[in-house]
Structure formats: C-alpha cells, structure tokens
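Engineer: Dropping the sequence and predicted coords here.
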Amino acid sequence: QVQLQESGPGLVKPSQTLSLTCTVSGGSITSNSYYWSWIRQPPGKGLEFIGQISYSGSTYYTPSLKSRSSISRDMSKNQFTLQLSSVTPEDTAVYYCAGGYNHPFVYWGQGTRVTVSS
C-alpha cells in the first residue's frame, strides 16, 4: 500500500518561500505511469489543485499558481517537493500530497497546516 507523508514548516512569513516535502513509501515515485500531486485547502474553502510531477519528471501547474510554484523530486529519497514563492496570507491552507497510478489523487497524505503570517 502506498503511503504519503507531508513535512515542512507550519509557519511562513509573507513574501518568503513555502517549501514542503512529501515522502512516499510502499512504492517508487519513478514507477511507470505514476503521478504525484500537491493540493491545498484554505480555511472554509474547497480543495485546490496546485500541480503535479510524473514518474518521468514532467510537471504541470494550475495556471493561477504557475508563476509561483515549483515541484521537484529526489529519487534517492523517494520524495517530491513543493516550493511556493512570494507567499501571502491567502496561501494559508492545509497542504496535501497525493499520488497514484495514472491518476494523481488515489493515495493521500494526512495533510499539513501552513499559516502565512508575520
């Protein structure tokens, strides 16, 4: 069974870069046809897809966040990372990593709460 676990700081100051890591166990992030994603849920709002990275390393970002988002991977650690630059309080949310075969939303981490505040 694939399991995902998010990690990173719970508090980030405005204008800084938010960096979160997702550690995957029970499967390899380079396994053929697997896709890995980041999603967030701001307080009182619905889920928002941020972006994804494929088994081959190709990436896709939702247009509204593309200019500030970067997803990369560390194959030696079986991890993938989200960096979101120039954060504002509107980036406060629970951030989830997820992944799966041919679909990046099959398996989910438990989520990590990130607050943007000075």
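Structural biologist: Here it is on my side, so go on.
Engineer: My reading is that Lys77 lies in a strand. Confirm?
Structural biologist: No. Lys77 is assigned coil when assessed by DSSP: H, G, I helix; E, B strand; the rest coil, not a strand.
Engineer: so what's it closest to, chain neighbours aside?
Structural biologist: Thr23 (7.2 Å; C-beta to C-beta, 6 or more residues apart in numbering). Where you see a C-beta, it was placed from the backbone N, CA and C, and this is true even at glycine.
Engineer: Tell me the buried residues in stretch 79-98?
Structural biologist: Across stretch 79-98, burial judged by 16 or more other C-beta atoms under 10 Å covers 79-82, 84, 87, 91-98.
Engineer: how about these in CSV, adding pLDDT?
Structural biologist: Shown next, in CSV, are the buried residues of stretch 79-98 (pLDDT from 0 to 100):
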residue, pLDDT
Gln79, 98
Phe80, 98
Thr81, 98
Leu82, 98
Leu84, 98
Val87, 98
Asp91, 98
Thr92, 98
Ala93, 98
Val94, 98
Tyr95, 98
Tyr96, 98
Cys97, 98
Ala98, 98
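Engineer: farthest pair in those residues?
Structural biologist: The distance between the two most remote of the buried residues of stretch 79-98 (C-beta to C-beta) is 23.7 Å, for Gln79 and Thr92.
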